[in-house]
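>>> have a look at this prediction, sequence included:
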There are 2 protein chains.
Amino acid sequence: MTEFRQDAIVGRWVLVRVSDIWPPDRYHAGQAPRGAAISPFIYGREDMTPPEVDAIRPKDTRPDTPGWTVRTVPNKFPALRIEGGLDPRGVGIYDMYNGVGAHEVVIETPDPRKQMADFSVAEVADVIKMYQNRYSSLAKDRRFRYIAIFKNYGESAGASLEHAHSQIIALPILPKYFEEKLQGADRYFSFRGRSIYADILRKEYTDRERIVTENEDFVAFCPYTPRYAFEVSIFPKDTSSNFGGLSDKQRLSLGEILKEVLVRLKQCLNDPSLNYYFNINPVNSEPQENFLWHIDIIPQLFRSAEMEWGTELYVVNTPPDAAARFLREISYTAQV
Amino acid sequence: MTEFRQDAIVGRWVLVRVSDIWPPDRYHAGQAPRGAAISPFIYGREDMTPPEVDAIRPKDTRPDTPGWTVRTVPNKFPALRIEGGLDPRGVGIYDMYNGVGAHEVVIETPDPRKQMADFSVAEVADVIKMYQNRYSSLAKDRRFRYIAIFKNYGESAGASLEHAHSQIIALPILPKYFEEKLQGADRYFSFRGRSIYADILRKEYTDRERIVTENEDFVAFCPYTPRYAFEVSIFPKDTSSNFGGLSDKQRLSLGEILKEVLVRLKQCLNDPSLNYYFNINPVNSEPQENFLWHIDIIPQLFRSAEMEWGTELYVVNTPPDAAARFLREISYTAQV
């Protein structure tokens, strides 16, 4: 059982386990086991996961049987529980909620040997379709404010299973960094009467040196103020785009550019661990007109974290224009 | 050469290397070398570091010769350069400064086998004395706004050398998380007319369950909203305390409690890697009356970082009351 607790000074939320807590020796047992040597996510093992909440599968197949191409199940070891109320309350000067939320796993393929960089564009688009479905479905639960969609690939990125998967977490709170993004965009708009995202994209088109690749609907670039070397952002070109409403064609465009960026990162950086996450509009909230959804992709590379402690200053040893150039130099042939 | 660049949306500063940049293969060569097998920080090797900027040493010894007990030298591979102007400028919608600052190493002992948990209280107090000296001295440089004082101990904490040392970084910018702390404290004061730090300490004294240890001048506790399991904060009991003005007696008190917390963490968690950092008042700024300086100590333990991506939600598997209890249960005999 967990509790959301809000820092009284800077507003950051943390999730604290208050039952089945970890004693000290749980921490010095080293890394957690990597789980089964054989993937629990392949055809025929559907009963090793909790029952599916959604799947892309032929109409003549039943839930929790083979035949699916993308399958979403509740996390077997969730950090949040789906049942119950939030019971918001103050504890002295702190705000608190019960640790209520959804914690789901998107199994991106039944094939245990394929990773997203190996997928066809249509297969990547199917995963995106699943993200859209879960986003829309979870948004109907009025307790939730934010739907996080993200992928941890490789051990250094926090993945505990190798089989290609991503995660979806529905939260009753708005993460503080996300609230800051919304506020920053609103502040910019009230100062200048323009969308900051439109201005960022305009600067990228003008400078061009940080662009990795683009297609009709999307552009991928290394942001001017990255936190990590070789960080890549993917933005829709239409600044009125909304993630939930992507058309079939736009979804294929997104699949195409996401696959291309993953392949370029893989070849440029020797198949690094990486995380990507969607920045999408909060749900059950006022419309956020100054916000534009996007994807951030972060390879987990060796870096000196010496300075981060005490300064919270990210040191980036490859500037984004050089990173984009290295990524562009990888030869890549578009496929369908 | 590096540049400070400010994110246009959330205000976060990053430091970007723009010359001697790292190409892709620098990242997949694995960990950086651990440096010399023999410490460059022992007596007789003073010429292996840049000339000392300060030292605690007998009056009859010369700089950069043996005899010192604590010695501060510029970092041999600094991320910032001390010379030159900041040259603040806008680049499109972004703010930028040259990467100007001080980056110093405090060698805490000439003994390569001792770590701070093994020091006498007087030896820890000498290190604190050095921190105070550097804080005061660097504050005289009007270019600087924040002096970060922190320690990385062990490989998982980002330490690149085993010899006991800490780091001091003087920055021309205020780290965003620190600015938020100041703003949060001010906001609380304008709402309630009370210091939030006084209220936090009052809550800790009342609840008692999160207190690890205390002495006449300081209290150490596991904060109610930690980011990490077994995180410990040390606060002065006098809410008008300022770090630069600690007396000899208070410095010994601080040495005593810091050593005790380090020993308890070491024994409870099997000598974990850890970071500590000081939160101290900015320099060359308006007085911050609602802020109270303190030290945060973070053991680097195995944890699942699965959820942090995309949610920026810290999951803490040992709640602070239980962590404090485990730490209190370690038997510890105070020494001088």
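Happy to help now that I have it.

>>> what sits against residue A:47?
residue A:64 (CB atoms under 8 Å, 6 or more residues apart in numbering or on different chains). Where you see a C-beta, it was placed from the backbone N, CA and C, and this is true even at glycine.

>>> same thing but at 10 Å, please
Neighbouring residues of residue A:47 by CB atoms under 10 Å, 6 or more residues apart in numbering or on different chains: A:40, A:64, A:65.

>>> can you list phi and psi of the residue of the stretch 1-150 of chain A at minimum distance from chain B for me?
Minimum separation of the stretch 1-150 of chain A from chain B (CB to the nearest CB) falls at residue A:150, amounting to 3.0 Å. When read as degrees, to the nearest 10, the backbone of residue A:150 gives phi -150, psi 170.

>>> now do the same for the residue nearest to it when sequence neighbours are not counted: helix, strand or coil?
Sequence neighbours aside, residue B:310 is the residue nearest to residue A:150 in space, at 3.0 Å (criterion: CB to CB, 6 or more residues apart in numbering or on different chains). In three-state terms, and counting by DSSP: H, G, I helix; E, B strand; the rest coil, residue B:310 is coil.

>>> pull the distance from the longest helix seen in chain A to the chain's centre.
The residue-count maximum for a helix in chain A (DSSP state H) belongs to helix A:248-268. Centroid separation for helix A:248-268 versus its chain: 15 Å, with CA atoms, centre = their mean, to the nearest Å.

>>> okay, the helix or strand that it is followed by in PDB with CA atoms only?
Toward the C-terminal end, the helix or strand that comes next after helix A:248-268 (DSSP states H and E) is strand A:273-279. Below are the C-alpha coordinates for strand A:273-279, written out as PDB (Å, rounded to 0.1, in the frame of the first residue of the first chain):
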ATOM      1  CA  SER A 273      19.500   1.700 -22.900                       C
ATOM      2  CA  LEU A 274      16.900   4.400 -23.400                       C
ATOM      3  CA  ASN A 275      13.700   5.900 -22.100                       C
ATOM      4  CA  TYR A 276      11.000   7.700 -24.000                       C
ATOM      5  CA  TYR A 277       8.000   9.300 -22.600                       C
ATOM      6  CA  PHE A 278       5.000  11.200 -23.900                       C
ATOM      7  CA  ASN A 279       4.200  14.700 -22.700                       C
END
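
>>> helix or strand right after strand A:273-279?
Toward the C-terminus from strand A:273-279 - assigned by DSSP H and E - lies strand A:294-300.

>>> by contact count, what packs against whichever helix or strand comes after that following strand?
Towards the C-terminus, the helix or strand next in line after strand A:294-300, according to DSSP H and E, is strand A:314-316. Secondary-structure packing of strand A:314-316 (3 or more CB pairs under 10 Å, 6 or more residues apart in numbering or on different chains; DSSP states H and E): strand B:2-6, strand B:13-17.

>>> got those strands as a markdown table, with mean neighbour count and distance to chain A columns?
Output for the helices and strands packed on strand A:314-316, formatted as a markdown table (neighbours: other CB atoms under 10 Å in any protein chain shown; distance: least, CB to the nearest CB, whole Å):
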| stretch | mean neighbour count | distance to chain A |
| --- | --- | --- |
| strand B:2-6 | 23 | 5 |
| strand B:13-17 | 22 | 5 |
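
>>> hang on, the earlier thing: any of the contacts of residue A:47 buried? List them.
residue A:40 (16 or more other CB atoms under 10 Å in any protein chain shown).

>>> ok, the contacts of residue A:47 vs residue A:273, which is closest?
residue A:40 (21.1 Å; CB to CB).

>>> would you confirm that the closest one contacts residue A:160?
No. Look at residue A:40 against residue A:160 with CB atoms under 10 Å: they stay out of range, at 11.6 Å.

>>> still on that earlier bit, just give me the closest of the contacts of residue A:47 to residue A:243.
residue A:64 (28.1 Å).

>>> so who does the spatially closest residue to the closest one that is not a sequence neighbour touch?
Spatial nearest neighbour of residue A:64, chain neighbours left out: residue A:46 (4.3 Å); criterion: CB to CB, 6+ apart. With contacts defined as CB under 10 Å, 6+ apart, residue A:46 is in contact with A:40, A:52, A:55, A:62-68, A:71, A:73, A:107, A:110.

>>> pull the number of nearby residues for the residue nearest to residue A:150.
Per other CB atoms under 10 Å in any protein chain shown, the neighbour tally for residue B:310 reads 27.

>>> so how far is residue B:102 from it?
Separation of residue B:310 from residue B:102 (CB to CB, to the nearest Å) stands at 36 Å.

>>> tell me, how many neighbours does the residue nearest to residue A:272 when sequence neighbours are not counted end up with?
Computed as CB to CB, 6+ apart, the closest residue to residue A:272 that is not its neighbour in sequence is residue A:299, at 4.2 Å. Residues within reach of residue A:299, counting by other CB under 10 Å, total 26.

>>> partners of residue A:299 in the sheet?
Beta-bridge pairing of residue A:299 under DSSP bridges involves residue A:274.

>>> let me see the contact set for it.
Contacts of residue A:299 (CB under 10 Å, 6+ apart): A:153-154, A:156-157, A:228-232, A:265-266, A:268-269, A:271-276, A:323, B:24, B:27.

>>> try 6 Å this time
Counting by CB atoms under 6 Å, 6 or more residues apart in numbering or on different chains, residue A:299 touches A:230, A:265, A:269, A:272, A:274.

>>> what's the first one sitting at in phi/psi?
If I follow you right, that is residue A:230. Torsion angles, degrees, to the nearest 10, at residue A:230: phi 70, psi 20.

>>> for it, give me its contacts.
Residue A:230 sits next to A:299, A:323 when contact means CB under 6 Å, 6+ apart.

>>> per-residue pLDDT, it?
With respect to pLDDT, residue A:230 scores 95.

>>> quick revisit: how many residues are close by the residue of the stretch 1-150 of chain A closest to chain B?
Residues near residue A:150, counting by other CB under 10 Å, number 22.

>>> what bridges to it?
Beta-bridge partners recorded for residue A:150 (DSSP bridges): residue A:167, residue A:277.

>>> who touches it in this structure?
A:167, A:277, B:309, B:310.

>>> apply 10 Å and report the result again.
With CB under 10 Å, 6+ apart, residue A:150 has these contacts: A:157-158, A:166-169, A:275-278, A:295-296, B:306-311.

>>> so residue A:101 makes contact with residue A:74?
No. Using CB under 10 Å, residue A:101 is not in contact with residue A:74, being 11.3 Å away.

>>> which residues do these two both contact?
Common neighbours of residue A:101 and residue A:74 (CB under 10 Å, 6+ apart) are residue A:82.

>>> same drill for the two, tell me which one is more crowded.
Higher neighbour count among residue A:101 and residue A:74: residue A:101, with 30 against 16, using other CB under 10 Å.

>>> can you give me phi and psi for the residue with the largest distance to the centre of chain A?
Here chain A reaches farthest from its C-alpha mean at residue A:92, the gap being 33.9 Å by CA atoms, centre = their mean. The phi/psi pair for residue A:92 (degrees, to the nearest 10) reads phi 60, psi -120.

>>> please apply the same query to the one 4 residues further on.
Summarising the backbone geometry of residue A:96 under the convention degrees, to the nearest 10, its torsions are phi -150, psi 150.

>>> residue A:178 now?
Dihedral pair for residue A:178: phi -80, psi -40, per degrees, to the nearest 10.

>>> before we move on, what about residue A:154?
phi 90, psi 160.

>>> quick one: average confidence on stretch A:86-96?
What stretch A:86-96 shows for mean pLDDT is 89.

>>> returning to what we had before: for chain B, state which of the contacts of residue A:299 is nearest.
Closest to chain B out of these is residue A:269 (5.3 Å), distances taken as CB to the nearest CB.

>>> dump the residue contacts of that closest one.
A:229-230, A:299-301, A:323, A:326-327, A:330, B:24-25, B:27-28.

>>> that older thread, and the contacts of residue A:46, which are buried?
Looks like the contacts of residue A:46 have A:40, A:52, A:55, A:68, A:71, A:73, A:107, A:110 buried, using 16+ other CB under 10 Å.
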